[in-house]
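*Asks:* Generate a structure from the sequence data that follows.
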Amino acid sequence: MSPAKVTLSPKELELVTNTDWILTKNRIIQKVYELFGELAERYRVEFSELSLEDKNEILLRSAKISKGEQYENLPWVMLDYPRYYQAEDSFGIRTFFWWGNHFSIHLQLSGKYCNRYRNSIRQYFQEINTDTENWWIGIGDNPWEHHFRENNFQPIGANLELLEQVPFIKIARNFPIHEWEKIPQLMEDSFMKILMMLSYSDKDQALPSL
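*Replies:* Sure, this is the predicted structure:
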C-alpha cells in the first residue's frame, strides 16, 4: 500500500519556505522570557517585604520560568513566583503569556493555604469593591487551565460567594497583548494587589492601596 499523499495549502507552503516569521517568533518569545526574568526580581523584593505566617516555607523555592509550544496548540511562557506546589497544599502566583491571546497573572491556592487566606481575600473584595471588575475567580475543575472562557473563570464581583465553595482558589487578571509597553507595570501592580489580598485581614500589615 502506498503512503497517503500529504499536501500543503498555498499558505502552508508559503510559511514553510519562509524562515523570517519563525525567527521573529523566536525573538518575541525570548523577549517575553527576559521580561519575566525582570519581573521575577521585582516580585522577589516585594514578596520578601510582606509579613505572612508561612513566607519562609514558600521562599525556599526560587522563581521558575518555563516555556512551551502547545497550550491549546499555541506557544506560551510562564513565570512561577512565589511557588510552593505540593500534592495537597499549594501556594503560587503565576504570570502567563499566551501567544495570540493575553498576558495574565494568577493566584493559586489549595489545601491549608485556601483555609488560611480565604477570609482575607473575601474581605479585600468586599471592602475594596472598586477592584472587583478587574479580577476573575476560577470555577473550573482543573487549576492548571489558564484560559478565560466562561467555563473556567467568572467575574469575581458577582461570584464572591464562590470563595466558600471552590475546592481550590484561583484569582486572576488578564491584559491584551497589544498593551505590551504597559505590561511590566501592569503585572507589578497586579502582583502587589495579590499581596494585599493575602494580607488584608491583618489591616496593620496590609500594603497601601495602589
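
*Asks:* Apart from its neighbours in sequence, what residue is nearest residue 53?
*Replies:* residue 116 (7.2 Å; CB to CB, 6 or more residues apart in numbering). Backbone N, C-alpha and C define where each C-beta goes, glycine included.

*Asks:* Tell me, please, the helix or strand in this protein that averages the lowest pLDDT.
*Replies:* Every helix and strand of the chain was ranked by mean pLDDT, DSSP states H and E. The lowest is helix 55-58, at a mean of 75.

*Asks:* coming back round to it: phi, psi for the residue nearest to residue 53 please.
*Replies:* phi -70, psi -40 (degrees, to the nearest 10).

*Asks:* can you pull the pLDDT of it?
*Replies:* Per-residue pLDDT puts residue 116 at 91.

*Asks:* Give the other helices and strands that the longest helix seen in the chain contacts.
*Replies:* Ranked by residue count under DSSP state H, the longest helix found in the chain is helix 20-48. Under the contact definition 3 or more CB pairs under 8 Å, 6 or more residues apart in numbering; DSSP states H and E, helix 20-48 sits against strand 64-71, strand 74-85, strand 90-98, helix 183-199.

*Asks:* give me that answer again for 6 Å
*Replies:* strand 74-85, helix 183-199 (3 or more CB pairs under 6 Å, 6 or more residues apart in numbering; DSSP states H and E).

*Asks:* Let me have those in TSV, adding mean pLDDT, mean neighbour count and distance to residue 56 as columns.
*Replies:* As requested, the helices and strands packed on helix 20-48 are exported to TSV (pLDDT from 0 to 100; neighbours: other CB atoms under 10 Å; distance: least, CB to CB, whole Å):
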stretch	mean pLDDT	mean neighbour count	distance to residue 56
strand 74-85	95	19	11
helix 183-199	95	19	15
